[in-house]
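**Q** Any chance you could fold what I've pasted below:
(2 chains)
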2 protein chains.
Amino acid sequence: MSDWPILHEYAASGNCYKIRLTAALLETPIERREYDIMKGETRTADFLANVSANGRIPVLQIGDRFLPESNAACFWLADGTHLIPHDRFERADMLRWMFFEQYHHEPNVATLRFWMRWIGVDSLTEVQRALVPVKQEAGKAALSLMDEHLAVHDWLSGPDISLADIALYAYTHVAEDSGLFSLDDTPAVQRWIARVAAEPGFVAMGV
Amino acid sequence: MSDWPILHEYAASGNCYKIRLTAALLETPIERREYDIMKGETRTADFLANVSANGRIPVLQIGDRFLPESNAACFWLADGTHLIPHDRFERADMLRWMFFEQYHHEPNVATLRFWMRWIGVDSLTEVQRALVPVKQEAGKAALSLMDEHLAVHDWLSGPDISLADIALYAYTHVAEDSGLFSLDDTPAVQRWIARVAAEPGFVAMGV
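**A** Numbering: from 1, shown residues only, chains lettered A, B, ... in the order given. Predicted structure coming up:
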């Protein structure tokens, strides 16, 4: 068994990328194991029994323990480091943006990217097709809320980059992939995207 | 301005209840301000400008700072207390269940409760009606994943009650309200519900 944490992942997933980016900014080595979700490789009996009963990636393996949920894995990696604010309010506020990401942003911005680019509009179910405009509107509202905040703050929580920025960077910087969002509508978000990408140790998504 | 944190809430909401339950178990006094979401009281210009640009409750006000997202508010209240595990893995694992709650549980179990009991099946949009069976299936999967875990553990993360239990208790113990879930299917969840309710300082949802 490796001494390093093992990331069970699908490299094109923004949720997996969050964890790689956190590890990169912290210079923490991790081992990577790739699964092709399009071929159902996270739904095999072996994966469900030995990695995660939820059948989803990412999962961060630490020794013989398994941590699903991307933002929880980022928290484990960054616990005690500068990526989690020391101030009590800012720490909770960082989590506020991370819960916002999972509830208001990812199910809209990331899901539409997956539907339009991976599944393809012609292969969507009828319910999914009916949801496209609903998710587009909700995704725009999420990006706009970020933009309002970033128009007057460099980072989402506190004076420096934190896990909140990493969690939201993952799917925001590729929001246009779905063809349904334009980052031209959110100039403060665009400047923040450049700020994240300029951080020492930054790695791009495809790597 | 009150010295106590102020909870901006709608009392029937499980997301607001999580925060009250956390405060009660910690014996932390909070002030409560009620808004009727059915009358749009969180969408007024005053609320959007002075409480939360997201137009949603709960928001926890700490002095002149505002914290949206129920699970972040619980974290602020419990930071440094026994409701957050000291062990690094267990702390991240607690967050894992809290992110699971917001991504896999609340949008299904809580949304169906709201749709069926507050809005009413006849007033749902066509898209919402088409989503009922989709959300019912996903909600059952979430409850079943909890049940598998609780069949062999007393609490969701670590050896004692934590914020993970509080976050998931809120909508799980009223999951049957929608008429679409039966807790008879998840006996370990039923025993855990009784365990949470037996905690010293516990307050019920309607209070």
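**Q** tell me the domain boundaries of chain A?
**A** A:6-78, A:88-197 (automatic domain parsing).
**Q** Please report the distance of the spatially closest residue to residue A:35 that is not a sequence neighbour from chain B.
**A** Taking C-beta to C-beta, 6 or more residues apart in numbering or on different chains as the measure, residue A:35 lies nearest to residue A:41, with 4.0 Å between them; neighbours along the chain are not counted. No exception for glycine: its C-beta is placed from N, CA and C like everyone else's. When distance is defined by C-beta to the nearest C-beta, to the nearest Å, residue A:41 is 19 Å away from chain B.
**Q** can you give me the helices for chain A?
**A** Counting by DSSP state H, chain A has helices at residues A:14-26, A:45-50, A:70-78, A:88-100, A:111-113, A:126-150, A:163-172, A:187-197.
**Q** right, so of these, which gets closest to residue A:63?
**A** Minimum separation from residue A:63 across these (C-beta to C-beta) falls at helix A:70-78, 11.8 Å.
**Q** May I have the closest one as PDB, with CA atoms only?
**A** The C-alpha atoms that make up helix A:70-78 are tabulated as PDB, following Å, rounded to 0.1, in the frame of the first residue of the first chain:
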ATOM      1  CA  SER A  70     -14.600  16.200  -3.400                       C
ATOM      2  CA  ASN A  71     -14.800  19.100  -0.900                       C
ATOM      3  CA  ALA A  72     -14.300  16.800   2.100                       C
ATOM      4  CA  ALA A  73     -11.200  15.300   0.400                       C
ATOM      5  CA  CYS A  74      -9.900  18.900  -0.200                       C
ATOM      6  CA  PHE A  75     -10.500  19.700   3.500                       C
ATOM      7  CA  TRP A  76      -8.600  16.600   4.600                       C
ATOM      8  CA  LEU A  77      -5.600  17.600   2.500                       C
ATOM      9  CA  ALA A  78      -5.600  21.200   3.600                       C
END
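**Q** Is chain B within reach of that helix?
**A** Yes. For helix A:70-78, a contact with chain B is found by C-beta under 8 Å from any C-beta of the partner chain, at A:70, A:71, A:72, A:73, A:75, A:76.
**Q** now do stretch A:188-205
**A** No. Stretch A:188-205 stays clear of chain B (C-beta under 8 Å from any C-beta), getting no nearer than 13.8 Å.
**Q** Over to stretch A:143-156?
**A** Yes. Counting by C-beta under 8 Å from any C-beta, contacts between stretch A:143-156 and chain B involve A:145, A:148.
**Q** what distance separates that stretch from the middle of the whole chain?
**A** 17 Å (C-alpha atoms, centre = their mean, to the nearest Å).
**Q** Could you tell me the end-to-end distance of it?
**A** The first residue of stretch A:143-156 is 13 Å away from its last residue (C-alpha to C-alpha, to the nearest Å).
**Q** Outside of it itself, list whatever touches it.
**A** A:94, A:97, A:100, A:104-105, A:109, A:161-162, A:164-165, A:168, A:172, A:175, A:181, A:183, A:185-189, A:191-192, A:195, B:53-54 (C-beta atoms under 8 Å, 6 or more residues apart in numbering or on different chains).
**Q** could you flag which of the residues you listed are buried?
**A** The neighbour-count test (16 or more other C-beta atoms under 10 Å in any protein chain shown) applied to these identifies A:94, A:97, A:100, A:104-105, A:109, A:161-162, A:164-165, A:168, A:172, A:175, A:181, A:183, A:186, A:188-189, A:192, B:53-54 as buried.
**Q** Up against chain B, what does chain A have?
**A** For chain A, the residues in contact with chain B under the definition C-beta under 8 Å from any C-beta are A:53-54, A:62, A:65, A:67-73, A:75-76, A:79-80, A:88-89, A:91-93, A:95-96, A:98-100, A:102-104, A:106-107, A:126-127, A:130-131, A:134, A:145, A:148.
**Q** low pLDDT regions in chain A?
**A** Confidence mapping of chain A against pLDDT under 70 gives the ranges A:1-2, A:207.
**Q** let's see it at 90
**A** A:1-3, A:11, A:37-38, A:52-55, A:206-207 (pLDDT under 90).
**Q** Show residues contacting stretch A:14-27.
**A** The list of residues contacting stretch A:14-27 from outside it, by C-beta under 8 Å, 6+ apart, reads A:5, A:7, A:9-11, A:28-30, A:32, A:57-58, A:60, A:70-71, A:73-74, A:77-78, A:81, A:83, A:106, A:110, A:113, A:161, A:163, A:166-167, A:169-171, A:174, A:199-203, A:205, A:207.
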